[in-house]
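Peer 1: The sequence and its predicted three-dimensional model are supplied below.
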Amino acid sequence: MQYPCIEIDLQKIYENSRRALASCRAHGVEPVGVTKVCCAEPAVAETMVQAGFTMLADSRLDNLERIAHINVPKMLLRLPMVSEAERAVQLADVSLISEKRTAEALSAAAMRQNKQHGVILMMELGDLREGCADEAAVFELAKLCISLEGLDLQGIGGNLICYGGAMPSVENQGQLITLRDRLENQLGIKLPVVSGGNSAVENIMTRGKLPNGVNQLRIGAMIHAGIGLMDEPIKGYHTDAYVIHAEVIERNRKPTMPYGELGTDAFGQKRDWIDYGEIERAIVAIGRADCDLESLTPVDAGVKVLGASSDHLIVDLSRSKQKYMVGDKVSFYAGYVSILRACMSRYVKVNFKNRIDSLARN
């Protein structure tokens, strides 16, 4: 096995997927399985479909290309670039949009490819990421989509808690229902999809507070990391499906305090240090380029993460019962951001446990 590596337990992805699907469907929601955190690793996407997902979604077209062989519809999560409209229509069945020029580019590409491309109009709900700024803008975009050949206007949607931290609520989810009803009544159309948001909406849904008519969620975090609103673990979900393993390249007893004249670190930060004297510590061959310290939890509770540069992770071994030596491996449960960075890093190998051909089929 090559190191560092991220090991993905497909059995746990399968079980999280089954739980999420059952929960969503019990509340009238058909979830879309998001694969972006693992860069659409085909084995992970296949496991999600095996569990029952009927649509997959990703924010990058290169990722959608990796899973083009999987025979379910695909959604492009990030607003399409005009320059990639041709590939968007080729690789995705549905796009989220908020701009007229994007709609026109997708229409032209769909006509050239002799396809109908689905679009969902995004409404700003307060998080200040993507979305039409007001209802008037949504109406104008809807009218344009209706008039353009090659486009299939499927519904409306919104996004929350990704940029500004705006929380999902009964009120902002209800805004989507109100807007859908006005569009249908005033434009004489049917909009079958109301795409309420992401895994953070799970809390509202499972408490029975999700407004009737919100029938789609785009979920990834609860599948891959077992988390929902505020990154809190969801009861009954695995939070340890992804584990990072990295090798010890130095073990030494050193002070906790750097010495000499101190400036900033490799990332331009000046840290406040507390002197705890000498400690047993190790350097592990992985760094901030490959993982996120705040979402990295040592499997060995006696190991403590002290910090990292781009390629070196420093850990305190003083409380560990295991006598780590150079060449030994240290393992870490990977939270959402660490999963993302590790899967995006070409220096971190991807390995699998419990591959799909060994999974239960019921």
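Peer 2: In hand now; what should we look at?
Peer 1: buried set for stretch 304-317?
Peer 2: Buried residues in stretch 304-317, defined by neighbour count with 16 or more other CB atoms under 10 Å: Lys304, Val305, Ala308, His312, Leu313, Ile314, Val315, Asp316, Leu317. For glycine as for every other residue, the C-beta is placed from the backbone atoms N, C-alpha and C.
Peer 1: quick one: Ile156 is in a strand?
Peer 2: Yes - counting by DSSP: H, G, I helix; E, B strand; the rest coil, Ile156 is found in a strand.
Peer 1: Go ahead and confirm it touches Val119.
Peer 2: No - Ile156 is beyond contact range of Val119, at 10.1 Å (criterion: CB atoms under 8 Å).
Peer 1: rewinding a little: let me know the closest of the buried residues of stretch 304-317 to Val348.
Peer 2: Using CB to CB, Leu313 is the member of these that lies nearest Val348, at 12.4 Å.
Peer 1: Give me the neighbour count for Asp231.
Peer 2: If you count neighbours by other CB atoms under 10 Å, Asp231 ends up with 15.
Peer 1: what sits against it?
Peer 2: Ala221, Ala225, Gly335, Tyr336 (CB atoms under 8 Å, 6 or more residues apart in numbering).
Peer 1: Distance of Ser320 relative to Met81?
Peer 2: The gap separating Ser320 from Met81 is 48 Å, by CB to CB, to the nearest Å.
Peer 1: My error: substitute Cys38 in the last question.
Peer 2: 23 Å.
Peer 1: check contacts around the residue nearest to Gly335 when sequence neighbours are not counted.
Peer 2: Nearest residue to Gly335, sequence neighbours excluded (CB to CB, 6 or more residues apart in numbering): Ser295, at 2.8 Å. By CB under 8 Å, 6+ apart, the contact set of Ser295 is Ala334, Gly335, Tyr336, Val337, Ser338, Ile339.
Peer 1: quick one: which of those residues has the most company?
Peer 2: Neighbour-wise, the contacts of Ser295 (other CB under 10 Å) top out at Ala334, 29 neighbours.
Peer 1: Which residue comes closest to that one once chain neighbours are left out?
Peer 2: Tyr242 (4.3 Å).
Peer 1: What's the local residue count around that neighbour?
Peer 2: Considering only other CB under 10 Å, Tyr242 is surrounded by 27 other residues.
Peer 1: same check, this time on Val350
Peer 2: Neighbourhood size, Val350 [other CB under 10 Å]: 16.
Peer 1: Specify the residue ranges that define each domain of the chain.
Peer 2: 9-231, 242-352 (automatic domain parsing).
Peer 1: right, and those - which one's nearest Tyr3?
Peer 2: So among the domains of the chain, domain 242-352 is nearest, using CB to CB, at 4.5 Å.
Peer 1: mind listing the strands for the stretch 151-300 of the chain?
Peer 2: 151-157, 193-197, 216-219, 242-255, 278-284, 296-298 (DSSP state E, counting those that start in this stretch).
Peer 1: What ranges in the chain fall below the confidence cut-off?
Peer 2: 356-362 (pLDDT under 70).
Peer 1: how near is the residue nearest to Glu41 when sequence neighbours are not counted to Gly226?
Peer 2: Leaving aside its chain neighbours, Glu41 sits nearest to Val350 (6.2 Å; criterion: CB to CB, 6+ apart). Separation of Val350 from Gly226 (CB to CB): 19 Å.
Peer 1: Number of residues surrounding the residue nearest to Gly165 when sequence neighbours are not counted?
Peer 2: Leaving aside its sequence neighbours, Gly165 sits nearest to Asp127 (CB to CB, 6+ apart; 7.2 Å). Using other CB under 10 Å, Asp127 has 20 neighbouring residues.
Peer 1: one step back: closest to Glu30 out of the strands of the stretch 151-300 of the chain?
Peer 2: That would be strand 216-219 among these, by CB to CB, at 5.9 Å.
Peer 1: who's in contact with that closest one?
Peer 2: Contacts of strand 216-219 (CB under 8 Å, 6+ apart): 20, 24, 29-34, 57, 75, 77, 155, 157, 193-199, 201-202, 205.
Peer 1: Need the buried ones from those residues selected in ChimeraX.
Peer 2: A single ChimeraX command selects the buried members of the contacts of strand 216-219 (16+ other CB under 10 Å):
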select :20,24,29,31,32,33,34,57,75,77,155,157,193,194,195,196,197,198,199,201,202,205
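Peer 1: so what's Thr54 closest to, chain neighbours aside?
Peer 2: Using CB to CB, 6+ apart, the nearest residue to Thr54 is Val72, at 5.8 Å.
Peer 1: show me what contacts that neighbour?
Peer 2: Val49, Phe53, Thr54, Met55, Leu56.
Peer 1: Tell me the spacing between the third one and Glu184.
Peer 2: Spelled out, it's Thr54. Thr54 is 24 Å from Glu184, by CB to CB.
Peer 1: Quick check: nearest residue in space to Gln175, chain neighbours excluded?
Peer 2: Nearest one to Gln175, counting by CB to CB, 6+ apart, is Leu125 at 6.4 Å.
Peer 1: Fine by me, thanks again.
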